[in-house]
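Asks: Sequence plus predicted model, see below.
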Amino acid sequence: MAETRPPRYALSGAGKRAWKTYLPLFGPDAYAPGIGTLVAVADDTPEQLAAVTARWNVPAFGGDIRPLLDEVRPDVLIVTAPDHVHAEQIQAALSAGVDVLTEKPMTVSAAQAAAVVAAERRSPASLRVAHNMRYLNLHQTVKRLLDQGAIGQPVQAHLAYRLRPGHGRSYFLRWHRRAAASGGLQITKSCHHFDLLNWWLGDRPQEVTGWTRRVHYSPDTPAEDRRIPADADIDDVLAAVIRYSGGAVAHYSLSARSPWEGYTLTVLGTEGELTTRYEVAPPDGTPPAERYAVEVSPLGGAPHTHRIPVESGTHSGADARMIDAVLRHATPQRASQAATAVDGAYAVAVGEALTRSAADGTVVAVDELLPGVRTCAHAGPAWATTGKES
Ligand SMILES: NC(=O)c1ccc[n+]([C@@H]2O[C@H](COP(=O)([O-])OP(=O)(O)OC[C@H]3O[C@@H](n4cnc5c(N)ncnc54)[C@H](O)[C@@H]3O)[C@@H](O)[C@H]2O)c1
């Protein structure tokens, strides 16, 4: 029997997300033991590198990922650098034959996303996108109910997301505030929601129309502790209508300033209606919910409420389940839910279609932004389904 060795991981971008979710995988008290070994780290800031190498005795590299790929040849590159860095690093890893797990958004533009899909096609290696929201138990329940036909065929979805002021404002203080770095909230934030809608409906988005505005955050916003920098060029209120290939329509909105954080969702189908509310943070003074409730109201039948416990852990347990699925190869069913390069591309392209529609008032055809992607099928990577053997 072939001897297996633990996969060797390199991490690029040792910031907040890396410290919260990925670096703890390699600690002595890893929350998901047995993932493999950290063998290198990259960051363009010496202090960030020093913080990692003080804990892990691994070689450190700068912001150009190619020397790391050439010298260390990891099995998997985890990309947690800022959004605008993803495309170049993913393509470098894929052309070196290295598998990639990238943070969302996969890229900051649809053109980059199409290039990444093409690069994966040419490579023996594979890419998975950390669309961790798929793995929240609430979201898995919504997916299961829709797939089981609990409301018949979905016809319309209404997803209204909002952020608390502190969180919304943070996007205008950090690198996300520049559209060139993040694609705007419609890509860096809404890619989570567009991926959920695409996944729940089991369909590809075809056309998008919408509006974006800056209402809440500007250099003139009454100062709290820091002023919004003058170079912020992203919007904080979004509205989109997305038409799917199968005819379903999704109505989407995001506001970056609300008393509570999370979303309300209603999906109307041919045989009934599904409604839920996801609270990341309740309004001030309201106790956090202990359970989520998904209400299914069939046409001509009694409504039924599915109650799901709110789990602990980062992103309400979604991160641990995602790691299980994409890095620990837990169950084939979970692994098959992982977001592929094509899924990542469609989540980004809906955001870009919204930007374009808001700019010129047109209805934007999503596939025209993603040349060559619709016809693209790619087998899942070995490490996402069966584990990696040496
Ligand atoms: N899935 C989620 O729920 C979730 C949550 C938060 C952040 N994210 C994503 O994770 C990524 C990182 O976000 P963050 O909040 O940790 O940002 P951050 O700014 O805290 O960290 C980014 C790090 O990357 C480094 N960096 C910059 N250029 C680099 C380069 N060329 N090569 C390597 N490193 C480079 C920075 O010095 C910094 O240390 C982003 O893509 C973000 O969208 C995802």
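Replies: Received, thanks.

Asks: tell me the SS of residue 259?
Replies: For residue 259, the assignment made with DSSP: H, G, I helix; E, B strand; the rest coil gives coil.

Asks: Next: the one 3 residues further on.
Replies: Three-state call for residue 262 (three-state DSSP): strand.

Asks: The stretch 251-390 of the chain against the ligand: which residues are in contact?
Replies: residue 315 (C-beta under 6 Å from any ligand atom). Yep, even glycine has a C-beta here, placed from its N, CA and C like the rest.

Asks: Which single residue of the stretch 251-390 of the chain ends up nearest the ligand?
Replies: For the stretch 251-390 of the chain and the ligand, the shortest gap (C-beta to the nearest ligand atom) falls at residue 315, measuring 5.7 Å.

Asks: Output the below-cut-off pLDDT ranges for the stretch 1-150 of the chain.
Replies: Along the stretch 1-150 of the chain, the model assigns pLDDT under 70 to residues 1-3, 30-33.

Asks: all helices for it, in order.
Replies: Secondary structure of the stretch 1-150 of the chain (DSSP state H, counting those that start in this stretch): helices located at 16-17, 46-55, 66-72, 86-95, 110-122, 137-147.

Asks: I'd like to know which of those helices lies nearest to residue 359.
Replies: When the helices of the stretch 1-150 of the chain are compared by C-beta to C-beta, helix 110-122 sits nearest residue 359, at 14.2 Å.

Asks: name the helices or strands packed onto the closest one?
Replies: Using 3 or more C-beta pairs under 8 Å, 6 or more residues apart in numbering; DSSP states H and E, the elements in contact with helix 110-122 are helix 86-95, helix 341-360, helix 366-369.

Asks: Adding mean neighbour count, write those out as TSV.
Replies: Listed next are these as TSV, based on neighbours: other C-beta atoms under 10 Å:
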stretch	mean neighbour count
helix 86-95	23
helix 341-360	25
helix 366-369	19
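
Asks: Residue 163 contacts residue 259, doesn't it?
Replies: No: judged on C-beta atoms under 8 Å, residue 163 makes no contact with residue 259 at a distance of 10.7 Å.

Asks: With respect to burial, which of the helices of the stretch 1-150 of the chain scores highest?
Replies: helix 86-95 (a mean of 23; mean count of other C-beta atoms under 10 Å).

Asks: can I have that one written out in CSV, keeping just the CAs?
Replies: Taking C-alpha atoms only, helix 86-95 is exported to CSV below (Å, rounded to 0.1, in the frame of the first residue of the first chain):
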residue,chain,number,x,y,z
HIS,A,86,-5.6,36.7,-5.9
ALA,A,87,-5.7,36.4,-9.7
GLU,A,88,-2.0,36.6,-10.2
GLN,A,89,-1.0,34.3,-7.4
ILE,A,90,-3.7,31.7,-8.3
GLN,A,91,-2.5,31.6,-11.9
ALA,A,92,1.2,31.4,-10.8
ALA,A,93,0.4,28.4,-8.6
LEU,A,94,-1.8,26.6,-11.1
SER,A,95,0.9,27.0,-13.8
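
Asks: quick check: angle from it to helix 110-122?
Replies: Put simply, helix 86-95 runs at 10 degrees to helix 110-122, going by axes from the mean of the first three to the mean of the last three C-alpha atoms, to 10 degrees.

Asks: Near the ligand, which residues of the stretch 1-150 of the chain are found?
Replies: 12-18, 42-45, 48, 63, 80-83, 85, 103-104, 130, 132.

Asks: Quick one, which of those are buried?
Replies: The neighbour count (16 or more other C-beta atoms under 10 Å) marks 12-14, 17-18, 42-44, 48, 80-83, 85, 103-104, 130, 132 as buried among those.

Asks: For residue 259, give me its contacts.
Replies: 164, 283-284 (C-beta atoms under 8 Å, 6 or more residues apart in numbering).

Asks: Would you check how far apart residue 365 and residue 371 are?
Replies: The spacing between residue 365 and residue 371, counted by C-beta to C-beta, to the nearest Å, is 11 Å.

Asks: Turn the contacts of residue 259 into a markdown table, columns for secondary structure and pLDDT.
Replies: A markdown table is the format used below for the contacts of residue 259 (DSSP: H, G, I helix; E, B strand; the rest coil; pLDDT from 0 to 100):
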| residue | secondary structure | pLDDT |
| --- | --- | --- |
| 164 | coil | 96 |
| 283 | coil | 87 |
| 284 | coil | 85 |
